[in-house]
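Participant: Sequence unavailable; structure follows:
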């Protein structure tokens, strides 16, 4: 669970209390949101932009293992743009090598979209040199996960990115 959007220390303490009191009933796919002294739980919504079906199945299984079940899949830039019309996403997993438009170009194109501004974009790619990481960051990616995707690393990045989104 992610605790986020606390404006004062008092509200933050309320969040911490809520978290510990309800931790057995709250899954990791839910985010605790504090606005105007109101505590709410929000499901995490994810978009997977990946053209390889084996990688899609792997990411879906890993995300479901993290209790993230509100997931849309896009196989190319056109499908990604269509998915963005359905609402905002907390996390976007972006393959760098997509057909027609690569993931970095797509990231740059969607970064200013009103429904993507607060999303955390995670580059997922087999290209993992320091230069590839720099290019991903320059394009607007918030994090980087190399392929083959390892569960522990993916879960660590998810937790970090959801925490950063909630700040």
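Facilitator: Arrived safely, thanks for sending. Note that the coordinates shown come from a computational prediction; the quantities given were computed from them, not determined experimentally.

Participant: which intervals of the protein have sub-threshold pLDDT?
Facilitator: 1-42, 167 (pLDDT under 70).

Participant: can you give me the helices in it?
Facilitator: Ranges of helices in the chain, per DSSP state H, are 9-22, 53-65, 77-84, 103-110, 130-139, 151-166.

Participant: out of these, nearest to residue 145?
Facilitator: Checking the helices of the chain against residue 145 by Cβ to Cβ gives helix 151-166 as the closest, at 5.5 Å. C-betas here are computed from N, CA, C, even on glycine.

Participant: by how many degrees do the closest one and helix 53-65 diverge?
Facilitator: Taking axes from the mean of the first three to the mean of the last three Cα atoms, to 10 degrees, one finds helix 151-166 and helix 53-65 inclined to each other by 70 degrees.

Participant: Quick check: buried residues in helix 151-166?
Facilitator: Buried residues in helix 151-166, counting neighbours by 16 or more other Cβ atoms under 10 Å, are found at 154, 157, 158, 161, 162, 165, 166.

Participant: Hmm, the first one is touching residue 60, no?
Facilitator: By that I understand residue 154. No: with contacts counted by Cβ atoms under 8 Å, residue 154 stays clear of residue 60, the gap being 12.0 Å.
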